[in-house]
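# sequence isn't available, so here's the structure alone:
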């Protein structure tokens, strides 16, 4: 665009200059030069698509409030009675339907979508759509006084499509990843009768408990560039800028997340102002939590929730929705779950490995061909057979195999159960199984470390650059660098002599104290590989994070209300870690790491209580002595077979 615009200016300037100067003739008279060569560019290019096997239609679809939303419709030529597969997105429908310059539809969309009319629609306020953009626009109600939301927009879009796309069979499916997964969930509220199936993948569900914006009250500072890019302009043309190559330096120099936002002018963006106003889990957050919303809705449309075990963005959402709505599925035919060994959205691309982990097959392809394709066809295509899909399709890491399960969490198809198994954080930094902790008999003993906000524990080896592949695979990054720091406690089990499987969320029961008046607690469950691994030398001693999360101590009593922590007083901090489906193999060890910062993924806790950490001042950030008592333990969701129970 810049080159074209500059070229036009140059031509225009040349014409003006030649007219002013003129050309001197032999008779002394001035004669104007020709105006210049005519443009070779047509006023409007009309693509010739006779050889294409599809037609592309750009349409503006009217909503009930008069706003029109832009959609791109891709229709295979010569088709009739074909189902519609729709995605509603804030990420540019035009660009996403123009990724391949090809005359073949399968090159433009994924092969799994063969046999469907594909529709991508810009959500209101983004790219080609009219209206106002609101991040994760709430449902009509206390937080949204307008008569429209993603539910009504989905309904109105489907209603228009089935009436104005004559090639369709009147059946519509909706699917999407991340934000598009959130809009997919929204379509399940008061759904249009033509909506027959939904596939929310890695959906944004609860932005405070465990998805994009916070985790248990700790702010995910790495999300600031996304907020700026997404809301500053309709078409994402204004971009976040940096002053350092290392994000660690960039965020440290600013101090608080609030100050970093101020330096970038982020207060101009509406969503950021709302985050500053709602650091706790108040009604503003609770009323938007999609698992809570859907739990109160009738179950009308079959859905397949898709989850990644190493989802670095929305690791909370899919399992939370499954837990909320599965009890309503009395016929066991409306709610399905797929769990894969993936980063955020990896089920849509190649899935044979993640970072150093090799799974022995393309797990993403397996999901798309063997699970997603027949599932969609069953509900959308005329005459399609009933899909042979288990209620839960889960990949078991460690053994690297797919399991067909009756529900979640469970460890096998039949004959087993989940037995919460306690492992204590014991003396000598040993991880000890059983009902009593080593050292507890000696009194209230502990391990301690000094947490210094001036030297927070990085979530990635420095320099931290949370972009591209580095960001996608950070949850499987070797944790050895952290385990060697003096401000990280690492508790290690004995070498396992038999496999140990966990299925579901581990529960942290941390008895800890701080010399400050506020604190964060990060807990990681880690699979420690043998010192040497045959055929894979780099995996020798590897510390693979299986599940981990952070908890902001000020919310230990009430997630909606921040309270100071009594200095040097042992207190219980109890919270869930993200779900796992993993086998610790013989020869491996289990490790639990405890620390008080995870930077700059999460903003630093000043360790001095302030009403709002976004507004913390430099003098608020102080060192604190952290003590973890031997009465602390982790409840591992260990899979127990009938034979083992007897």
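Perfect, I can see it now. Remember, it's a predicted structure, so these values are computed and weren't measured experimentally.
# just the buried residues of stretch 596-613, please?
596-610, 613 (16 or more other C-beta atoms under 10 Å). (C-beta placed from N, C-alpha, C; glycine too.)
# now do stretch 340-357
In stretch 340-357, counting by 16+ other C-beta under 10 Å, buried: 340-348, 351, 353-355, 357.
# for residue 502, state which of those residues is nearest.
residue 341 (14.6 Å; C-beta to C-beta).
# so how far is residue 581 from the closest one?
From residue 341 across to residue 581, the span is 9 Å (C-beta to C-beta, to the nearest Å).
# got any residues that touch both of those two?
Common contact partners of residue 341 and residue 581 (C-beta atoms under 8 Å, 6 or more residues apart in numbering): 309, 395, 397.
# contact partners for the first one?
Each residue near residue 309 by C-beta under 8 Å, 6+ apart is listed here: 339-342, 395, 397, 579-582.
# mind doing that once more with 7 Å?
339-342, 397, 580-581 (C-beta atoms under 7 Å, 6 or more residues apart in numbering).
# in strands, which of those residues fall?
339-340, 580-581 (DSSP state E).
# now for these, which pair is the farthest apart?
Among those, 340 and 580 lie farthest apart (C-beta to C-beta), at 12.9 Å.
# can you get me a residue count around residue 88?
28 (other C-beta atoms under 10 Å).
# use 10 as the first number for this chain going forward.
Happy to do that; since the first residue is 10 now, the last one works out to residue 97.
# can you give me the mean pLDDT across the helix or strand that it is a member of?
Element membership for residue 97, per DSSP states H and E: strand 91-98. Strand 91-98 comes out with an average pLDDT of 98.
# do stretch 580-595 as well
Per-residue scores along stretch 580-595 average to 98.
# which of the residues in that stretch are buried?
Under 16+ other C-beta under 10 Å, the buried positions of stretch 580-595 are 580, 582, 584-594.
# which one among the ones in strands among the contacts of residue 318 gets closest to residue 523?
Closest approach to residue 523 among these (C-beta to C-beta): residue 589, at 28.1 Å.
# so which residues of the stretch 160-309 of the chain form helices?
Ranges of helices within the stretch 160-309 of the chain are 188-195, 233-241, 256-263, 266-272, 279-286, 292-295, 299-304, based on DSSP state H, counting those that start in this stretch.
# repeat that for the stretch 460-609 of the chain.
477-481, 489-492.
# mean pLDDT for those helices: which is lowest?
Among those, helix 477-481 scores lowest, with a mean of 91.
# quick one: buried residues of it?
480-481.
# where does pLDDT dip in the stretch 60-209 of the chain?
Along the stretch 60-209 of the chain, the model assigns pLDDT under 70 to no residue.
# how about the strands in it?
63-71, 77-85, 91-98, 126-131, 177-186, 204-210 (DSSP state E, counting those that start in this stretch).
# what's the span of stretch 232-246, first residue to last?
Stretch 232-246 stretches 17 Å from its first residue to its last (C-alpha to C-alpha, to the nearest Å).
# next: stretch 270-287.
Start-to-end span of stretch 270-287 (C-alpha to C-alpha) is 15 Å.
# out of the ones in strands among the contacts of residue 318, who's nearest residue 291?
Distances from residue 291 to these, taken by C-beta to C-beta, are shortest for residue 589, at 30.2 Å.
# for the closest one, give me its contacts.
318, 511, 555-556.
# what residues are bridge-paired with it?
residue 513 (DSSP bridges).
# residue 431 now?
Residues in a beta bridge with residue 431, per DSSP bridges, are residue 644.
# isn't it right next to residue 642, touching?
Yes: here residue 431 reaches residue 642: they are 4.9 Å apart, a contact under C-beta atoms under 7 Å.
# neighbour-wise, which of these two wins?
residue 642 (25 against 17).
# now do the same contact list for that one.
Applying C-beta under 7 Å, 6+ apart to residue 642 gives the contacts 431-434, 446, 518.
# of the strands of the stretch 60-209 of the chain, which approaches residue 114 most closely?
Closest approach to residue 114 among the strands of the stretch 60-209 of the chain is made by strand 63-71 (4.0 Å; C-beta to C-beta).
# for the closest one, name the packing helices and strands.
In this structure, strand 63-71 makes packing contacts with strand 77-85, judged by 3 or more C-beta pairs under 7 Å, 6 or more residues apart in numbering; DSSP states H and E.
# which helices and strands does the strand it packs on pack with?
strand 63-71, helix 102-105, helix 114-117, strand 126-131.
# got these as TSV, with mean neighbour count and distance to residue 438 columns?
Formatted as TSV, the helices and strands packed on strand 77-85 follow (neighbours: other C-beta atoms under 10 Å; distance: least, C-beta to C-beta, whole Å):
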stretch	mean neighbour count	distance to residue 438
strand 63-71	16	60
helix 102-105	18	49
helix 114-117	18	55
strand 126-131	25	52
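# same list (the ones you listed) but as JSON lines, adding distance to residue 157.
Putting the helices and strands packed on strand 77-85 into JSON lines (distance: least, C-beta to C-beta, whole Å) gives the following:
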{"stretch": "strand 63-71", "distance to residue 157": "12"}
{"stretch": "helix 102-105", "distance to residue 157": "19"}
{"stretch": "helix 114-117", "distance to residue 157": "30"}
{"stretch": "strand 126-131", "distance to residue 157": "14"}
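# out of those, flag the one nearest residue 187.
Of the helices and strands packed on strand 77-85, nearest to residue 187 by C-beta to C-beta is helix 102-105, at 13.1 Å.
# name the residues that touch the closest one?
In this structure, residues lying in contact with helix 102-105 by C-beta under 7 Å, 6+ apart are 79-81, 98, 129-131, 136-137.
# for residue 209, list each beta-bridge partner.
Applying DSSP bridges, one finds that residue 209 bridges with residue 185.
# that one: how many residues sit nearby?
Around residue 209 there are 31 residues (other C-beta under 10 Å).
# kindly report the same for residue 476.
11.
# what's the distance between it and residue 276?
25 Å.
# again with residue 135
21 Å.
# again with residue 88
With distances taken as C-beta to C-beta, residue 88 is found 50 Å from residue 276.
# which one of the two has more residues nearby?
More crowded of residue 88 and residue 276, by other C-beta under 10 Å: residue 88, with 16 against 12.
# got the contact list for residue 427?
Applying C-beta under 7 Å, 6+ apart, one finds that residue 427 lies in contact with 418-420, 512-513, 646, 648.
# what helix or strand is the residue nearest to it when sequence neighbours are not counted located in?
Distances taken as C-beta to C-beta, 6 or more residues apart in numbering place residue 646 nearest to residue 427, at 4.9 Å, with adjacent residues excluded. Assessed by DSSP H and E, residue 646 sits inside strand 642-650.
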